[in-house]
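Student: Sequence first, then the predicted structure:
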Amino acid sequence: MARTRTQIKTEITTPFMANESLAVKYGFALGASFDAEFSLVSLENILFEIVALAMFIHEQFFDQHAKEVDERLSNEKPGTLPWYRTMALRFQYGFDLAPQKDYFDNGTATPEQIESSKIIKYSA
């Protein structure tokens, strides 16, 4: 499950507020609430917000990437229903398959010819 930006910020600020040397330098009680000690416009809060947002976006990118890889793998595994669907949608009437491959040899065709040869538009 993906973490929220707020959860990420809390995971960063909790050890910050539990650090003894930082508590002495900043003058806050050890283990105090970050939000109670620092204002919304403080440099520390802004830096933690930026880091938390960057980590959140980074996690979102990786979640999307994992989803796309899983989908692609399920479509590429021969003999499965998603693979048959993908092969049906890739079918090109009038073109031969490349030797020992599962794609069509259409290197000399124009994009219009390729598109018109794809006679299967929908598959489930």
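Tutor: Yes, it's here.
Student: helix or strand right after the helix ranked longest in the chain?
Tutor: In the chain, assigned by DSSP state H, the helix with the most residues is helix 43-76. As assigned by DSSP states H and E, the chain's next helix or strand after helix 43-76 is helix 81-90.
Student: what mean pLDDT does that following helix have?
Tutor: Regarding helix 81-90, the rounded mean pLDDT is 85.
Student: Can you name the next helix or strand after that helix?
Tutor: Assigned by DSSP H and E, the successor of helix 81-90 is helix 111-117.
Student: Dump the C-alpha coordinates for stretch 27-47 into PDB.
Tutor: Extracted C-alpha coordinates of stretch 27-47, given in PDB (Å, rounded to 0.1, in the frame of the first residue of the first chain):
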ATOM      1  CA  GLY A  27      15.300  24.100  22.500                       C
ATOM      2  CA  PHE A  28      12.300  21.800  22.200                       C
ATOM      3  CA  ALA A  29      11.400  19.000  24.500                       C
ATOM      4  CA  LEU A  30      12.600  15.600  23.500                       C
ATOM      5  CA  GLY A  31       9.800  13.800  21.600                       C
ATOM      6  CA  ALA A  32       7.600  16.800  21.200                       C
ATOM      7  CA  SER A  33       5.300  17.200  18.300                       C
ATOM      8  CA  PHE A  34       6.900  18.700  15.200                       C
ATOM      9  CA  ASP A  35       3.800  20.600  14.200                       C
ATOM     10  CA  ALA A  36       3.600  22.200  17.700                       C
ATOM     11  CA  GLU A  37       7.200  23.300  17.700                       C
ATOM     12  CA  PHE A  38       7.700  24.500  14.100                       C
ATOM     13  CA  SER A  39       5.400  26.900  12.100                       C
ATOM     14  CA  LEU A  40       4.100  26.100   8.600                       C
ATOM     15  CA  VAL A  41       6.500  28.600   7.100                       C
ATOM     16  CA  SER A  42       9.700  27.600   9.000                       C
ATOM     17  CA  LEU A  43      12.600  26.500   6.900                       C
ATOM     18  CA  GLU A  44      12.600  23.000   8.500                       C
ATOM     19  CA  ASN A  45       8.900  22.500   7.800                       C
ATOM     20  CA  ILE A  46       9.300  23.600   4.200                       C
ATOM     21  CA  LEU A  47      12.300  21.300   3.700                       C
END
